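Asks: I'll drop the sequence and a predicted model, then ask my questions.
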Number of protein chains: 2
Amino acid sequence: MTSTPGAAPIETDAVIVGAGPVGLFQAFELGLLEIRAHIVDSLAVPGGQCVELYADKPIYDIPGIQVLTGRELTANLLKQIEPFKVPMHLNQEVTRVAKRTDGRFDVETSGGTCFVAKTVLVAGGVGSFQPRQLKVEGLEKLRPEQVCYRIPEPAQCAGKKLLIVGGGDEALDAAIQCSSPGSNGAAGVALVHRRDSFNAQLTSIARLGQLREQGAVQFIAGQVAAIEAAAGRLSAVMVLGADGQTRRVAADIVLVRMGVSPKLGPIADWGLALERKQIAVDTEKFETSTPGIFAVGDVNTYPGKKKLILCGFHEAALAAFGVARYVFPEQAIQLQYTTTSTRLHKLLGVNPPTLP
Amino acid sequence: MTSTPGAAPIETDAVIVGAGPVGLFQAFELGLLEIRAHIVDSLAVPGGQCVELYADKPIYDIPGIQVLTGRELTANLLKQIEPFKVPMHLNQEVTRVAKRTDGRFDVETSGGTCFVAKTVLVAGGVGSFQPRQLKVEGLEKLRPEQVCYRIPEPAQCAGKKLLIVGGGDEALDAAIQCSSPGSNGAAGVALVHRRDSFNAQLTSIARLGQLREQGAVQFIAGQVAAIEAAAGRLSAVMVLGADGQTRRVAADIVLVRMGVSPKLGPIADWGLALERKQIAVDTEKFETSTPGIFAVGDVNTYPGKKKLILCGFHEAALAAFGVARYVFPEQAIQLQYTTTSTRLHKLLGVNPPTLP
C-alpha cells in the first residue's frame, strides 16, 4: 500500500514503524483497545529479523510454543492480527517524524506515504536492513551497474564477467542463478569468499560444488583488496588470498552479496534520547523522551533490558495503554480480558467464542 | 513429591511459589541459565488460574497463538519446561520463608517439605485458591462433618439429609453425584442457589433437570439466612427466597460448593513490601523489598502493571537474570539465544536442532 504523491495524508491514531514480531503484536494490542494503526516497514514482507535472519531456524523460547521458526512465528502473528485489518506500507522507510502544532505528528516515508498520526510507535528492531557494503578504494567512483547489490537483469550481464563477493545464502544463490545454463548469459562467474567454506543451505553448497567442478563458477578464497579500472570502467579485481598471494581476477561487474546489516537509519535523527544507539524509554508505557512517541522491542533500552521477542510483546501491551491516553484523553481505559470480554470477542470476530 | 517429616531439607538455587503459567515459564527461564529450581503449588495440578478458572475457555492474547484454552496453555508450558526436569511439590502451600544467616532462605510448606534456597520467586497469581466460605451465624459452632466443603465419604452421608449450596459446576457435580442411584445413600439432597439458573456445563444442567423431575434433588431458589441447631446438632436450614418468603429445609449436613476464592495467604506475612495486597517490585529484576525474593505475574505490582499472562512471561525472563546474580555471583551472565546457542541447544536436548 502506497499513496500517490501529493495525495492527502492518512489520518490515524498510530503509526507503527516496523513489521517484525513486536510491531505486528503492537498492532494486536492497539486493536484490542480500538486504536487504529498503520504499519510501515523497509522490507518487502512482514517479519523483520524473523524472516531476514532466521526464517527457517528454530526459536525455543516463545512462551507456550515449544519450537517454531521465525517464518512460522510471523505467520502466526499475521493470523492473530487479521481481525484488525491493519494496513501495511512495505518497502519504505519512515524518513521523517515531526511534531505538529496540534500535538499530532507528520510522518513521511521514502515511498511517499504521508500520515498525520496522534502517536508513533517505533518497533524498529535492530534498525532497517541494508546490504553490507564492500569497502575498497575506488569502488565508489564506478557506475552503479558495475558495482551492484542486487542480481542484475540478464540484459546487463550478457557477455560480462561477473565477480560475486560473499559466502552466505545470498552469495551462493546469486552464483548458482547467474552461472546455471539458460541464465543471464554472463561470460563468466567468479565467487570470492575469505575461505572455502560457506554458511548456507546444504543443498546450495552441494549445487555450488557441481558448478565449480563443471567450471561454471570459479572460486577464489580471499578478500577483495583493490580494483583495476580505467576511465571509470572496471577491468579486474585484485584478491588477496589466505596464502598471502594477490591474484588478478578479470571482472566487468562486482556483485556484492555480503548479507544485510541493520542500521538505525533515519530514526537517529528524530531527536529522541538515545543510549548507545538504543532509544531510551520508561518501563511504565515504553514512551521515549518525546511524548507521544513510543519504542518497543530490540530498538529500545531501559534498566534490565533483554533483547528477547517475549519482552517486546510485554512492552507492546503496556505501550498500547500509553497510546490510549493520547487517543482517548477523556477516558480511563480499563484492562479487559480476551477470555471473558464480550466487547473484545466482537472485535476479534469470535462472538460467541468457539474453540477450534 | 513430598518429603518425609524430619528429612534433610532440599538444597536448591530457587524455589518457585506457584505452578501457574508464569511459574512454569519461570522454571524455563531459570533452566536456560542453568539455575536449579523447585516448584510448589497449593493445587493438586499445575496450571493455576488457567486450570482453576478458565480451563476450557479460550485465550486470544498469547502472542503467536491465535486461540487456546487455559488447559492447553498449561500443557504447552509443561512440554516446554520438560527438558529441565523441574520437581513439583503440589497440594501444599509455602507457609514460611525466613532469611538464614548465610544469606539463603529456609522455605517450608504445609506438606512438610523444607528447602534451603538461594532465592525465592513468588509466582503466586491472585493467591492460593480457597473454597469460598458460607457466612451464616452459628455455622462455625457445628462440627466439620456437618458443614463441609468437599463431598463427604458415603459412610458419612448414609441416611442423612444433605443440603448443597452453590450454582456453579462444583455445586451441580456434587448434587448429581450425591443423588444419583447407587451413590452415597443420602436420605435426601437439596440444592440452594440464589436463582433458578446455573453457571455450569450444559450437560450438568440437563442432568440436574432430570434429577429434579424425578424428585431426587429438591431445588430451592434463595439464600441461606440462618441455621437451626440444638446441642451442636444441625436440624434445618432457613432459606430466604427471592419472593421474600423464608422456608425451613430439613438438613443434617450442609455442603458448601460456592466456588473458590483466591487469598494471598501466608505470603502476606513474609515481610515483603505490599501495595493494595500486591507485592511491590522493581522493573529491572522484578525483585521485592527483600533482596533474593522476586515476584512475577499477577501477584506483583509496579508502575504500569497489567495483569496479563504475557507480561508475567517477560517478568519471569528478567527475574531469571536477577536470580543469576545470587546463584553465580562471580559471573556476568550473558543473554544467549535459543535459535543460535549450542549451549542452550544442549540444555534443551535439541543438539543439533531439528524442526518438527
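Replies: That came through, no problem.
Asks: Show me what the longest strand anywhere in chain A is packed up against.
Replies: In terms of residue count, the longest strand belonging to chain A (DSSP state E) is strand A:217-230. When contacts are defined as 3 or more C-beta pairs under 8 Å, 6 or more residues apart in numbering or on different chains; DSSP states H and E, strand A:217-230 packs onto strand A:188-193, helix A:202-213, strand A:233-241, strand A:246-250. C-beta here means a position set from N, CA and C on the backbone, and glycine is covered the same way.
Asks: Need these in a markdown table (columns: mean neighbour count and mean pLDDT).
Replies: A markdown table is the format used below for the helices and strands packed on strand A:217-230 (neighbours: other C-beta atoms under 10 Å in any protein chain shown; pLDDT from 0 to 100):
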| stretch | mean neighbour count | mean pLDDT |
| --- | --- | --- |
| strand A:188-193 | 24 | 96 |
| helix A:202-213 | 14 | 92 |
| strand A:233-241 | 18 | 95 |
| strand A:246-250 | 14 | 96 |
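Asks: Show me the one of those that comes nearest residue B:46.
Replies: helix A:202-213 (40.4 Å; C-beta to C-beta).
Asks: now that closest one against strand A:188-193, angle please.
Replies: In terms of direction (axes from the mean of the first three to the mean of the last three C-alpha atoms, to 10 degrees), helix A:202-213 departs from strand A:188-193 by 130 degrees.
Asks: And the contacts of helix A:202-213?
Replies: With contacts defined as C-beta atoms under 8 Å, 6 or more residues apart in numbering or on different chains, helix A:202-213 is touched by A:169, A:172-173, A:175-176, A:179-180, A:191, A:198, A:217-219.
Asks: Just the buried residues of those.
Replies: The neighbour-count test (16 or more other C-beta atoms under 10 Å in any protein chain shown) applied to these identifies A:169, A:172-173, A:175-176, A:179, A:191, A:198, A:217-219 as buried.
Asks: Which single one of those residues is nearest to chain B?
Replies: residue A:169 (15.6 Å; C-beta to the nearest C-beta).
Asks: Find the nearest non-adjacent residue to that closest one, please.
Replies: Computed as C-beta to C-beta, 6 or more residues apart in numbering or on different chains, the closest residue to residue A:169 that is not its neighbour in sequence is residue A:200, at 4.4 Å.
Asks: Around chain B, pick out the residues from the stretch 51-200 of chain A.
Replies: Residues of the stretch 51-200 of chain A lying close to chain B by C-beta under 8 Å from any C-beta of the partner chain are A:54, A:56-70, A:73, A:76-77, A:79-80.
Asks: mind redoing it with 10 Å?
Replies: Counting by C-beta under 10 Å from any C-beta of the partner chain, the residues of the stretch 51-200 of chain A close to chain B are A:53-54, A:56-70, A:72-77, A:79-83.
Asks: Quick one: buried ones out of those residues?
Replies: Using 16+ other C-beta under 10 Å, the buried members of those are A:53-54, A:57-70, A:72-77, A:80-81, A:83.
Asks: From those residues, which land in strands?
Replies: Per DSSP E, strands hold the following members of those: A:58-59, A:68-69.
Asks: Let me have the residues you listed in CSV, adding pLDDT as columns.
Replies: Listed next are these as CSV, based on pLDDT from 0 to 100:
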residue, pLDDT
A:58, 93
A:59, 96
A:68, 96
A:69, 95
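Asks: Return stretch A:174-188 as CSV; C-alpha atoms alone will do.
Replies: In CSV, the C-alpha atoms belonging to stretch A:174-188 read as follows (Å, rounded to 0.1, in the frame of the first residue of the first chain):
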residue,chain,number,x,y,z
ALA,A,174,23.5,-15.4,-6.9
ALA,A,175,26.4,-17.6,-8.1
ILE,A,176,24.0,-20.5,-8.8
GLN,A,177,21.4,-18.3,-10.6
CYS,A,178,24.0,-16.4,-12.8
SER,A,179,26.0,-19.5,-13.8
SER,A,180,23.3,-22.0,-14.4
PRO,A,181,22.6,-22.9,-18.1
GLY,A,182,20.0,-20.7,-19.6
SER,A,183,20.6,-17.9,-17.1
ASN,A,184,21.6,-14.4,-17.8
GLY,A,185,24.4,-15.2,-20.3
ALA,A,186,27.3,-13.8,-18.3
ALA,A,187,30.6,-14.5,-19.9
GLY,A,188,32.0,-15.9,-16.6
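Asks: can you map out the helices along chain A?
Replies: A:21-32, A:49-52, A:70-81, A:154-157, A:169-179, A:202-213, A:309-327, A:342-347 (DSSP state H).
Asks: is the last one anywhere near chain B?
Replies: Yes - contact of helix A:342-347 with chain B (C-beta under 10 Å from any C-beta) involves A:344-345, A:347.
Asks: picking that back up, between the helices and strands packed on strand A:217-230, which gets nearest to residue A:317?
Replies: Comparing the helices and strands packed on strand A:217-230 against residue A:317 with C-beta to C-beta, the closest turns out to be helix A:202-213 (39.8 Å).
Asks: could you give the angle of that closest one to strand A:217-230?
Replies: Going by the same axes, to 10 degrees, helix A:202-213 makes 70 degrees with strand A:217-230.
Asks: Now do the same for the residue of the stretch 151-300 of chain A found nearest chain B: its pLDDT.
Replies: Residue nearest to chain B within the stretch 151-300 of chain A: residue A:284 (3.4 Å; C-beta to the nearest C-beta). Model confidence at residue A:284, given as pLDDT, is 98.
Asks: give the contact list for it.
Replies: Neighbouring residues of residue A:284 by C-beta atoms under 10 Å, 6 or more residues apart in numbering or on different chains: A:318-319, A:321-322, B:283, B:302-305.
Asks: was I right about residue A:340 contacting residue B:54?
Replies: Yes - shown here, residue A:340 and residue B:54 form a contact pair, counting by C-beta atoms under 10 Å, at 8.0 Å.
Asks: Farthest-apart pair in the buried ones among the contacts of helix A:202-213, please.
Replies: The two members of these with the most space between them (C-beta to C-beta) are A:169 and A:218, at 19.8 Å.
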